[in-house]
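Colleague: Prediction below, plus the sequence it came from.
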Amino acid sequence: MPLDHGPPRIDHGSPRVLFAELVAKALDRTGVSPSPHAAAYLVDLLAEAIRPDPDSAPETFTEGLLHAQRQCGAERVSRLRALGDRALFLSGFFSDSLAERTVSVGWVVEVGRVAYADLSSLLASRKVAWTGSCLYRELAERFPQYSEVLTEVGDGVRAATSAGLAPLFQRYLRLGRTADRRRLLRRGLVVPEGRGKLQ
C-alpha cells in the first residue's frame with residue numbers, strides 16, 4: 001500500500017469494493033472516525049486476509065513479537081507490520097475463535113498495539129516514511145476501536161452468510177460485552193440487561 005501518496009484507491013471489481021462498503025457501515029454503527037489512511041488500511045487488511053500466504057509459518061503472538069524485535073531494517077518493518085495486521089484481524093474479525101482458545105483477546109490486542117507502536121517509531125526515523133509513521137501510531141493508539149470495527153464487519157458477514165445471530169448471542173451470553181448487546185438490539189432481538197462485563 002503506497003503510504004506517501006494518499007489513501008489507496010479502491011479498484012471497482014475487486015473484493016475491496018465489498019470491504020469498503022462493510023467497513024463504512026461498521027464505522028457508522030460503532031461511531032469510530034478514523035483518518036482516511038486508517039480507513040483505507042482496514043479495507044486493505046480485509047482484502048489481503050482473504051488471500052493468505054501459503055508459505056507463512058504459523059507462530060504464536062509472543063514468538064512473532066520476539067522474532068520481529070530481533071530483526072533490523074526492512075525485515076523488522078515487514079515482521080512488525082505482519083504481526084500487527086494479524087493481531088488486528090484476529091482480535092476483530094475472529095474474536096470468537098480467540099475466546100475459545102487459551103490466548104486472551106486482551107493479549108492479542110496488546111501484542112498488536114506494541115507491534116504497530118514499534119513500527120511507527122522505526123518509520124519515524126525515516127523521513128520518507130512520515131505518513132506511514134503517523135498511520136501506524138494511529139493504529140497502535142486506537143487499536144481496540146479498530147478491532148471493534150472489524151468485529152462489526154465479521155458479525156455482519158456471518159449474520160448474512162451462516163447461522164445468523166446465534167454466534168453473536170452466544171458470545172454475548174459468554175462474555176457480556178456491551179457492544180455485542182448493542183448489535184443484538186440493532187438486529188431486533190430482546191436482550192436482557194445487566195450482563196455487560198466488558199465495554
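Modeller: That came through fine.

Colleague: which other residues reach stretch 109-116?
Modeller: For stretch 109-116, the surrounding residues in contact (C-beta atoms under 8 Å, 6 or more residues apart in numbering) are 61-62, 64-65, 68, 80-81, 83-84, 86-88, 91, 136-137, 139-141, 143-144, 147. Heads up, the C-betas are built off the backbone N, CA and C, glycines and all.

Colleague: try stretch 138-157
Modeller: With C-beta under 8 Å, 6+ apart as the criterion, stretch 138-157 contacts 19, 22-23, 25-27, 29-30, 32, 34-35, 37-38, 41-42, 45-46, 84, 88-89, 91-95, 109, 112-114, 116-117, 120, 168, 179, 183.

Colleague: and the gap between the closest residue to Gly92 other than its chain neighbours and Leu175?
Modeller: Nearest non-adjacent residue to Gly92, counting by C-beta to C-beta, 6 or more residues apart in numbering: Leu150, 2.6 Å away. Applying C-beta to C-beta, to the nearest Å, the value for Leu150 to Leu175 is 16 Å.

Colleague: quick one: which of the two has more around it?
Modeller: Neighbours were counted for Leu150 and for Leu175 using other C-beta atoms under 10 Å; Leu150 has more, 24 against 18.

Colleague: Show me the contacts of stretch 109-116 that map onto strands.
Modeller: Using DSSP state E, the subset of those located in strands is empty.

Colleague: Give me the buried entries from these.
Modeller: 61, 64-65, 68, 80-81, 83-84, 86-88, 91, 136-137, 139-140, 143-144, 147 (16 or more other C-beta atoms under 10 Å).

Colleague: Show me what counts as buried in stretch 109-121.
Modeller: Quick answer for stretch 109-121 (16+ other C-beta under 10 Å): Val109, Glu110, Val111, Gly112, Arg113, Val114, Ala115, Tyr116, Ala117, Asp118, Leu119, Ser120.
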